[in-house]
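Participant: my questions are about this predicted structure, shown below with the sequence.
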Amino acid sequence: AIHAKFHALAPDSDGRVSCSRLERMRELAANPLASRLCAVFSSRGDGSLDFIEFVDLFGCMAKAAPLDIKLSVAFRVYDFDGDGFIGRSDV
């Protein structure tokens, strides 16, 4: 099912889906932090995701995901400068 969702987004020739396509998904469309979530999970840092990154993103959003994973992702989303702290510049 998740593999079909990924391929329905028409990945590029390099097997990645852009953040703009991901943001159109029902699961992310209403989320004001969707582009930030894409950036956090993108190994390239450009917001595009390959299949494994796509699975990781949706896995952390699942109800059954462990709390420590959810907290780690939430921290990374708000740590805009990536310094390992949530400081004044991040809020």
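Facilitator: Good, I have the coordinates. Residues are numbered from 1 along each chain as shown.

Participant: then Val73 would be within a helix, right?
Facilitator: Yes. Assigned with DSSP: H, G, I helix; E, B strand; the rest coil, Val73 falls within a helix.

Participant: my guess is Asp90 meets Phe80, correct?
Facilitator: Yes. The pair Asp90 and Phe80 qualifies as a contact (Cβ atoms under 8 Å) at a distance of 4.8 Å. In this view, the C-beta of every residue, glycine as well, is placed from N, C-alpha and C.

Participant: and the helices in this protein?
Facilitator: For the chain, applying DSSP state H gives helices covering 2-8, 19-22, 26-29, 34-41, 51-61, 67-78.

Participant: so what secondary structure elements neighbour the third one?
Facilitator: This means helix 26-29. Contacts defined by 3 or more Cβ pairs under 8 Å, 6 or more residues apart in numbering; DSSP states H and E place helix 26-29 against no helix or strand at all.

Participant: how far is that helix from where the chain is centred?
Facilitator: Offset of helix 26-29 from its chain centre (Cα atoms, centre = their mean, to the nearest Å): 11 Å.

Participant: just the CA trace of it, in PDB.
Facilitator: The C-alpha coordinates for helix 26-29 follow below in PDB (Å, rounded to 0.1, in the frame of the first residue of the first chain):
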ATOM      1  CA  ARG A  26      -4.100  14.300   2.000                       C
ATOM      2  CA  GLU A  27      -1.900  13.300   4.900                       C
ATOM      3  CA  LEU A  28       0.300  16.400   4.600                       C
ATOM      4  CA  ALA A  29      -1.900  19.000   2.800                       C
END
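
Participant: Asp68 - how many residues pack around it?
Facilitator: 8 (other Cβ atoms under 10 Å).

Participant: typo on my end, it should be Val40
Facilitator: By other Cβ under 10 Å, the residues close to Val40 number 23.

Participant: check the one 5 residues further on too.
Facilitator: Using other Cβ under 10 Å, Gly45 is surrounded by 9 other residues.

Participant: for it, which non-adjacent residue is spatially closest?
Facilitator: Sequence neighbours aside, Ala39 is the residue nearest to Gly45 in space, at 6.6 Å (criterion: Cβ to Cβ, 6 or more residues apart in numbering).
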